[in-house]
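Trainee: Pasting the sequence and the predicted model now:
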Amino acid sequence: MAAPPRHSAMLSMNSAVATPQPMPGDMSQGPPQSLTPQPSQGLRVPSNRKTIYDRHLNRSRNAELSRASFAYLFAEMVTYAQRRVTGIQDLEKRLNEQGYPLGLRLLDLLFYRTTTTSSSALSSSSTSSSPPNRPLRILTLLHLIHGPLWRLLFGRSADALEHSVSPDTPNEYMITDNDPLVNAYISVPREMNQLNCAAFVAGIIEGVCDGCGFEAKVSAHNQPTEMWPSRTVFLLSFGESVMEREKVLERSGIK
Amino acid sequence: MSSSKASRIGEETRIDKVNAELVTLTYGTIVAQLCQDYDSDYQEVNKQLDKMGYNIGMRLIEDFLAKSGVGRCANFRETADMIAKVGFKIFLNVAPTVTNWTSDNNQFSLIFDENPLADFVELPDDGRAQDELWFSNILCGVLRGALEMVQMQIEAHFVSDILRGDDTTEMRVSLVRYIEDEMPPEEE
């Protein structure tokens, strides 16, 4: 199936997210539904109302699950993807595409949660706690990824955030994770040593960037050091339109 | 072993943790991907999930035995308690209720009050998914794979799911047979 251009996919998904069903597990990004007229009764719901609309979105906020379960699922996901691809690049692309819709949805979840915490923290002193703004500038966005997004997914911040030093690529930024959880239980065969399964996480980052209106390509690269053998650098290259806007915003002094 | 003892083992077994949402979301993308790859042929998606679960189960059992330190179960009723109160507790942090035994003690149901895999999930509103897709079908495969490794051939399937509009999520598990140790075929 030919993949639709990312931005159009994003728009259609954003509209889906705008309705109160902000979550990743649902499959609204699935193939178009059949065109035969449907009876318009919609989805059946249990009478005890244990639906996503009735349960609080923060219910699982601090919940924990077995790390092994994650490892099993992720490994199975990679194995499955591997059977359907022709090479390493293809595999990474596929993992990236699986992460992308998660990023789009996590973005909304992140904003939603920052609103609720800030409003409860400030409640006594200020009556009008402003909702958190979506990032307008690249740096704010990168801090959002490096901090809150990483903490939501992995329980800690990422390890480094850098800007490309090369004058040719001012649009490139790097986020480093010294020991990515996703790679902890994946052993890559020697002949595939280029592969980095954190491409899944790169996809999530890409989804977050796109969802914020920062068109970007994100890829995961192995940069092992002696101390951190599975150190991974996520390379974010922002599109030209983003860089142009950045300049305009800079001139008008918007942070 | 009494079922309260099983609960205690389930509660007390120490394991490494991750954010529950990461697991939920990862599973969600797996199912979404399958639905896309198989063009919403939900029967096939169920089958693939079961297969994935089987692969997981075969490896998970070792982890289970090592972490919990439990030994051989005396009968299938004890096995059921182990699955519900230790296995599910360790790996999904839930303890489904074991119930609806047949009189020959070979079939029971697991009723899930909570199912972290299905948090945040709504099935596609295409008029079919709610009748055909078993969203958490991977769990059936996990049980099948894990028990096969300890010499029990079982069959497991969901009979209801809250995601389908049912009031409970219920899995039916039947013992097919105990697998006898067999000598490996002689090398020619």
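Mentor: Alright, I've got the coordinates. As the structure is a prediction and not an experimental result, all values here were calculated from the model.

Trainee: Show me the strands in chain B, by range?
Mentor: According to DSSP state E, chain B carries its strands in the segments B:17-19, B:97-99, B:107-112, B:152-160, B:169-178.

Trainee: Relative to chain A, which of those strands is closest?
Mentor: Across the strands of chain B, chain A has its closest neighbour in strand B:17-19 (4.0 Å, C-beta to the nearest C-beta). In this view, the C-beta of every residue, glycine as well, is placed from N, C-alpha and C.

Trainee: got the residue ranges for the helices in chain A?
Mentor: For chain A, applying DSSP state H gives helices covering A:6-18, A:67-83, A:88-122, A:138-144, A:150-154, A:199-211, A:240-251.

Trainee: so how many other residues sit close to the closest residue to chain A within chain B?
Mentor: Using C-beta to the nearest C-beta, residue B:165 is the residue of chain B that sits closest to chain A, at 2.6 Å. Other residues within reach of residue B:165, judged by other C-beta atoms under 10 Å in any protein chain shown, total 16.

Trainee: For it, report the pLDDT, please.
Mentor: In this model, residue B:165 is scored at 92, pLDDT.

Trainee: what residues are up against it?
Mentor: Residues near residue B:165 by C-beta atoms under 8 Å, 6 or more residues apart in numbering or on different chains: A:43-46, B:130.

Trainee: among those, which ones are buried?
Mentor: Buried positions within the contacts of residue B:165, assessed by neighbour count (16 or more other C-beta atoms under 10 Å in any protein chain shown), are A:43, A:45-46, B:130.

Trainee: circling back: ok, so of the contacts of residue B:165, who is nearest residue B:17?
Mentor: residue A:46 (29.1 Å; C-beta to C-beta).

Trainee: Tell me which residues touch that closest one, please.
Mentor: B:162, B:165-167.

Trainee: and the lengthiest helix in chain B with strand B:152-160, angle?
Mentor: Determined from DSSP H, the single longest helix within chain B is helix B:42-68. Here helix B:42-68 points in a direction 120 degrees away from that of strand B:152-160 (axes from the mean of the first three to the mean of the last three C-alpha atoms, to 10 degrees).

Trainee: helices or strands next to helix B:42-68 in the packing?
Mentor: On a contact count with 3 or more C-beta pairs under 8 Å, 6 or more residues apart in numbering or on different chains; DSSP states H and E, helix B:42-68 meets helix A:67-83, helix B:20-37, helix B:88-92, helix B:129-132, helix B:138-149.

Trainee: Residue A:171 touches residue A:243, doesn't it?
Mentor: Yes. Assessed by C-beta atoms under 8 Å, residue A:171 is found in contact with residue A:243 at 5.1 Å.

Trainee: Which one's more surrounded, those two?
Mentor: The neighbour comparison of residue A:171 against residue A:243 (other C-beta under 10 Å) goes to residue A:171, with 18 against 13.

Trainee: Now the more buried one. Nearest residue, chain neighbours left out?
Mentor: Of all residues beyond its chain neighbours, the one nearest residue A:171 is residue A:238 (4.6 Å), with distances taken as C-beta to C-beta, 6 or more residues apart in numbering or on different chains.

Trainee: Can you name the residues bridging to that neighbour?
Mentor: In this structure, residue A:238 bridges to residue A:216 when assessed by DSSP bridges.

Trainee: so who does residue B:136 touch?
Mentor: Counted by C-beta under 8 Å, 6+ apart, residue B:136 has contacts B:115, B:117-118, B:158, B:161, B:169.

Trainee: For residue A:223, state which of those is nearest.
Mentor: Distance to residue A:223, by C-beta to C-beta, is smallest for residue B:117 among the contacts of residue B:136, at 33.8 Å.

Trainee: Show the pLDDT at that closest one.
Mentor: With respect to pLDDT, residue B:117 scores 95.

Trainee: and the residue nearest to the spatial centre of chain B, what does it touch?
Mentor: Central residue of chain B (C-alpha atoms, centre = their mean): residue B:139, 3.0 Å from the mean position. Residues near residue B:139 by C-beta under 8 Å, 6+ apart: B:53, B:117, B:156, B:171.

Trainee: Okay, it and residue A:233: tell me how far apart.
Mentor: 36 Å (C-beta to C-beta, to the nearest Å).

Trainee: same thing with residue B:11?
Mentor: 41 Å.

Trainee: Neighbour count: these two, which is higher?
Mentor: Legend: neighbour count by other C-beta under 10 Å for residue B:11 and residue A:233, higher for residue A:233 (18 against 12).

Trainee: Name the residue of chain A that lies nearest to chain B.
Mentor: For chain A, C-beta to the nearest C-beta, closest residue to chain B: residue A:44, 2.6 Å.

Trainee: Is that residue in contact with residue B:129, as I believe?
Mentor: No. Using C-beta under 8 Å, residue A:44 is not in contact with residue B:129, being 10.9 Å away.

Trainee: thinking again about what came up before, just name the closest of the contacts of residue B:139 to residue A:98, please.
Mentor: For those, the nearest to residue A:98 is residue B:117 (16.4 Å; C-beta to C-beta).

Trainee: Quick one: residues contacting the closest one.
Mentor: By C-beta under 8 Å, 6+ apart, the neighbours of residue B:117 are B:23-24, B:27, B:92, B:135-136, B:138-139.

Trainee: Residue B:7: which of those residues is nearest?
Mentor: Nearest member of those to residue B:7, counting by C-beta to C-beta, is residue B:92, at 14.9 Å.

Trainee: For residue A:236, give me its contacts.
Mentor: A:142, A:172-175, A:205, A:209, A:216-218.

Trainee: Farthest pair within the residues you listed?
Mentor: Spatial extent of those (C-beta to C-beta) is set by the pair A:142 and A:217 at 14.8 Å.
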